[in-house]
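A.B. asks: pasting the sequence and the predicted model now:
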Amino acid sequence: MQSFRKELWFNTGKRMEFINITNEITQCVRESGIKEGLCLVNAMHITASVFINDNESGLHQDYKDWLEELAPHEPLLRYRHNLTGEDNGDAHHKRQIMGREVVVAVTDGELDFGPWECIFYGEFDGKRRKRVLVKIIGE
């Protein structure tokens, strides 16, 4: 069995942003040389997410609206976490909803997706540098 590891770094310009990282993950699979296996992609920060869905701007705006309804950023005193001097209590909740990681099968050296599936980095406390881990195992 072979193993491949790479870190991808992001620094978003907005507090909440979704970035399609499918091409970067596809490149990692190619770099790995692994033809059959699994590809794990996970956010290495507790206020960011990795998820799979459609690359459709209306859906992404719906997600942002929905997440803001479920865990609004303000009022800041809504979250006990913010009493520690942070202002990102909402971002922790949003990450919990959207998830930490995805695992995609690798078949014939390619990500084995269903129709319309793409991998996204979800940022909920942006404007600072954060990383995503890509770990691919197989043969």
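C.D. replies: Here it is on my side, so go on.
A.B. asks: use CA for all of it now, contacts and neighbours both
C.D. replies: Noted.
A.B. asks: tell me which stretches of this structure form helices.
C.D. replies: For the chain, the helices defined by DSSP state H occupy 22-32, 57-70, 89-98.
A.B. asks: against residue 7, how distant is the residue lying closest to residue 107 once chain neighbours are set aside?
C.D. replies: Spatial nearest neighbour of residue 107, excluding adjacent residues (C-alpha to C-alpha, 6 or more residues apart in numbering): residue 36 at 4.9 Å. Separation of residue 36 from residue 7 (C-alpha to C-alpha, to the nearest Å) stands at 21 Å.
A.B. asks: check residue 64 too.
C.D. replies: Computed with C-alpha to C-alpha, the distance linking residue 64 and residue 7 is 26 Å.
A.B. asks: circling back to that earlier point, just tell me which of the helices of the chain ends up closest to residue 106.
C.D. replies: When the helices of the chain are compared by C-alpha to C-alpha, helix 22-32 sits nearest residue 106, at 7.9 Å.
A.B. asks: now what about that closest one, what contacts it?
C.D. replies: Residues external to helix 22-32 that are found in contact with it (C-alpha atoms under 8 Å, 6 or more residues apart in numbering): 3-4, 6, 39, 106, 109-111, 118-120, 134, 136.
A.B. asks: alpha carbons of stretch 26-37, as CSV, please.
C.D. replies: Presented in CSV, the C-alpha positions along stretch 26-37 are these (Å, rounded to 0.1, in the frame of the first residue of the first chain):
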residue,chain,number,x,y,z
THR,A,26,-7.6,15.9,-8.6
GLN,A,27,-4.1,17.1,-9.0
CYS,A,28,-3.1,15.5,-5.7
VAL,A,29,-4.5,12.2,-6.9
ARG,A,30,-2.4,12.4,-10.0
GLU,A,31,0.7,13.4,-8.0
SER,A,32,0.2,10.4,-5.7
GLY,A,33,0.3,7.9,-8.5
ILE,A,34,-2.3,5.9,-6.6
LYS,A,35,-4.7,4.1,-9.0
GLU,A,36,-7.0,2.4,-6.5
GLY,A,37,-7.7,3.6,-3.0
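A.B. asks: so which of the contacts of helix 22-32 sit within strands?
C.D. replies: Those of the contacts of helix 22-32 mapping onto strands are 3-4, 6, 39, 106, 110-111, 118-120, 134, 136, per DSSP state E.
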